[in-house]
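> everything below, folded, please.
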Amino acid sequence: QLQLVESGGGLVQPGGSLRLSCGTSGSTLDGYGIAWFRQAPGKEREPVACISSSGASTNYADSVKGRFTISRDTVKNTVYLQMNSLKPEDTAVYYCKARLLFNAYWGQGTQVTVSS
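Model (predicted):
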């Protein structure tokens, strides 16, 4: 069982930046494709960005292209989501998801609030 832990959320003003981290407790992320999702109040959970197990391939939702960057550090066993030029509509709980073959695991989420 893979236990994912997100961190880095918080309150930021519009135009600001945050970096979210997704790590594990006692396991490795090697071999897993990782995705970030978010869920705003009253809305469905939606994909934000994903990165392949090798880190060579990334994809982004249209709403975050050019503002968010997903990356992974195999030494630190962590996947990051760098979020720049944040907007109020980016406010949501952000979750990371790890997938390998037919197995998928979710973290508990971290709150991001963009407000002045």
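
> going forward, measure contacts between C-alpha atoms and count neighbours the same way
Fine.

> ranges for the strands of this protein?
Along the chain, the segments classed as strands by DSSP state E run 4-7, 10-12, 18-24, 33-39, 46-51, 58-60, 68-73, 78-83, 92-100, 103-106, 110-114.

> can I get the ones you listed in a markdown table with mean neighbour count and mean pLDDT?
As requested, these are exported to a markdown table (neighbours: other C-alpha atoms under 10 Å; pLDDT from 0 to 100):
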| stretch | mean neighbour count | mean pLDDT |
| --- | --- | --- |
| strand 4-7 | 20 | 95 |
| strand 10-12 | 16 | 98 |
| strand 18-24 | 20 | 97 |
| strand 33-39 | 23 | 98 |
| strand 46-51 | 21 | 98 |
| strand 58-60 | 17 | 98 |
| strand 68-73 | 19 | 97 |
| strand 78-83 | 21 | 98 |
| strand 92-100 | 22 | 97 |
| strand 103-106 | 14 | 95 |
| strand 110-114 | 21 | 98 |
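
> tell me the contacts of Thr74?
Residues in contact with Thr74 (C-alpha atoms under 8 Å, 6 or more residues apart in numbering) are Leu29, Asp30.

> mind doing that once more with 7 Å?
Contacts for Thr74 (C-alpha atoms under 7 Å, 6 or more residues apart in numbering) come out as none.

> how far away is it from Cys22?
12 Å (C-alpha to C-alpha, to the nearest Å).

> got it, and Leu86?
From Leu86 across to Cys22, the span is 19 Å (C-alpha to C-alpha).

> can you report phi and psi for Lys76?
When read as degrees, to the nearest 10, the backbone of Lys76 gives phi -90, psi 0.

> and the residue lying closest to Gly55 once chain neighbours are set aside, what does it touch?
Leaving out its chain neighbours, the residue that sits closest to Gly55 by C-alpha to C-alpha, 6 or more residues apart in numbering is Arg72, at 6.5 Å. Contact partners of Arg72, counting by C-alpha under 7 Å, 6+ apart, are Gly55, Thr78, Val79, Tyr80.
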